[in-house]
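# One predicted model, sequence on top.
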Amino acid sequence: MLRDLLADNRRYSGEFGARLSNHLSMAALALGWMGAEDDRIADFAGHYRGRWSLQPLAPSTRRLTFEEWRQALGALGCEAQAVAYFADSLATSGRAATLHAHLPLLMRGIGASAFHALIRTAYALEADDDAELACALGYWTMSWLDLGLTEPAGETMRPLEVFETFGAAFRPTAELPPGLIFHRMAAVVAHPCFDAFAGRYSPTPGALADLAAAVVVLFAATSDFTALHAMTSTHALRIVLPWTDDRQNALAHHWRALLAAYGSMGAPAPPSEDEIARLRGAAMPGWAALRAAALASNDDHMIKSIYTAWREDEVYHDPLYALAAGRYAGLVSRAPP
């Protein structure tokens, strides 16, 4: 049933309406991985389709070459052609060769659709579904968002320290445009002080754990919608990283996109070390209760936040994941502990 649901959703674009992300495949997979029965997944899908007017994806009548695909990055009208291009590449060259050839360029646009293209790619890999992967990579091509790259500034700081110092400089002067998360991310990158602060942290090949630790602190402390996407995207990058030879490139672009996302939140001051310790010591629900809340919910973001936090906690063993998920789900008070 889940495979049929994914196949049906591939008839639709990765975005709809005013460039909102189509979460149906991701949320349905997360429900399945948390133990939902077929009837529950079908019920969620019916609710989702009833709530949103998904945009049909017109069949492609023409295939792209590799050079045409490069030129099409970020072009709104090329999604169907890009999906077909990746379906052909996966069928003829295989998954590993396709991803190794294309991920270095795609990673430059890792902020695509507020990270949702990266997230859908990770879910497709976890599902071991090349048809879903072709759809995710085509979506990434269409929504690709190049936020540039930063030269290291020679000053080494931890990610949370960069957030704090950047936020202090950015907040008094920032006027962000209305719009979606990725619109605001692009505006943050254009701010005169952004590059100087982005260069104060230079990710090493093993830096993913540092980034994961920083974003879960932000999400646990704020329950902010954009901080949720910072956490879900960092989990997604963990799944996708083994498929690229250039991890340093991927981490560098992800760090820049995370700092842009932090600015797009309004750059709230991160909690102090003492406040983080108090957060870790707060009472929080167990994962069985959190997964049960996700399985009962029709909120796609709540489903994905609990699934992501659960999977990240399996790797990093940080109680902030359960606290962050519980706060966002309304099972734990958002008041300071």
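Sure thing, it's come through. Owing to the predicted nature of the structure, the values given are computational and were not obtained by experimental measurement.
# in the stretch 51-200 of the chain, which ranges drop under the pLDDT threshold?
Residue ranges of the stretch 51-200 of the chain with pLDDT under 70: 61, 154-155.
# any chance you could map the helices in it?
66-72, 79-93, 95-108, 116-127, 130-143, 159-170, 181-189, 194-198 (DSSP state H, counting those that start in this stretch).
# want to throw those into TSV with mean neighbour count?
Where you see a C-beta, it was placed from the backbone N, CA and C, and this is true even at glycine. Below are these laid out as TSV (neighbours: other C-beta atoms under 10 Å):
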stretch	mean neighbour count
helix 66-72	14
helix 79-93	20
helix 95-108	18
helix 116-127	24
helix 130-143	25
helix 159-170	20
helix 181-189	21
helix 194-198	20
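# Out of those helices, which is closest to A252?
helix 95-108 (8.7 Å; C-beta to C-beta).
# Counting by contacts, list what the closest one packs against.
Applying 3 or more C-beta pairs under 8 Å, 6 or more residues apart in numbering; DSSP states H and E, we find helix 95-108 packed against helix 66-72, helix 79-93, helix 130-143, helix 247-264.
# so how far is A58 from S13?
9 Å (C-beta to C-beta, to the nearest Å).
# Of those two, which one has the most company?
Ranked by neighbour count (other C-beta atoms under 10 Å), S13 and A58 place S13 first, with 23 against 11.
# ok, that one touching N22?
Yes: applying C-beta atoms under 8 Å, one finds S13 in contact with N22, separated by 6.6 Å.
# which residues do these two both contact?
Residues touching both S13 and N22 (C-beta atoms under 8 Å, 6 or more residues apart in numbering) are L54, Q55.
# Endpoint to endpoint, stretch 21-37 covers what distance?
25 Å (C-alpha to C-alpha, to the nearest Å).
# Buried residues in it, which are they?
Buried residues in stretch 21-37, counting neighbours by 16 or more other C-beta atoms under 10 Å, are found at 21-34, 36.
# Contact partners for the nearest residue to T150 once chain neighbours are set aside?
Spatial nearest neighbour of T150, chain neighbours left out: A198 (4.0 Å); criterion: C-beta to C-beta, 6 or more residues apart in numbering. Shown in contact with A198 (C-beta under 8 Å, 6+ apart): T150, V162, F166, W255, R256, L259.
# Kindly present those residues as CSV, with separate columns for distance to A114.
Output for those, formatted as CSV (distance: C-beta to C-beta, whole Å):
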residue, distance to A114
T150, 20
V162, 20
F166, 19
W255, 16
R256, 14
L259, 14
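# Looking at these, which is nearest L320?
For the contacts of A198, the nearest to L320 is V162 (18.9 Å; C-beta to C-beta).
# The closest one against R200, yeah?
Yes: the pair V162 / R200 is scored as a contact, 5.1 Å apart, by C-beta under 8 Å.
# Return the alpha-carbon coordinates of stretch 227-238 using CSV.
Taking C-alpha atoms only, stretch 227-238 is exported to CSV below (Å, rounded to 0.1, in the frame of the first residue of the first chain):
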residue,chain,number,x,y,z
ALA,A,227,14.8,25.2,13.6
LEU,A,228,12.7,22.1,13.0
HIS,A,229,13.9,22.1,9.4
ALA,A,230,17.5,22.7,10.5
MET,A,231,17.2,19.4,12.5
THR,A,232,15.4,17.4,9.8
SER,A,233,17.9,18.6,7.1
THR,A,234,20.9,17.7,9.3
HIS,A,235,19.5,14.2,9.8
ALA,A,236,18.9,14.0,6.0
LEU,A,237,22.5,14.9,5.3
ARG,A,238,23.7,12.1,7.5
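# and for that stretch, what are the contacting residues?
Counting by C-beta under 8 Å, 6+ apart, 110, 114-116, 118-119, 121-123, 181, 208, 211-212, 215-216, 218-219, 250-251, 254, 257-258, 261-262, 265, 301, 304-305, 308-309, 311-312, 315, 324, 328 sit against stretch 227-238.
# Please convert the buried members of the residues you listed into PyMOL selection syntax.
Buried subset of the contacts of stretch 227-238, written as a PyMOL selection, criterion 16+ other C-beta under 10 Å:
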select buried, resi 110+114+115+116+118+119+121+122+123+181+208+211+212+215+216+218+219+250+251+254+257+258+261+262+265+304+305+308+309+311+312+324+328
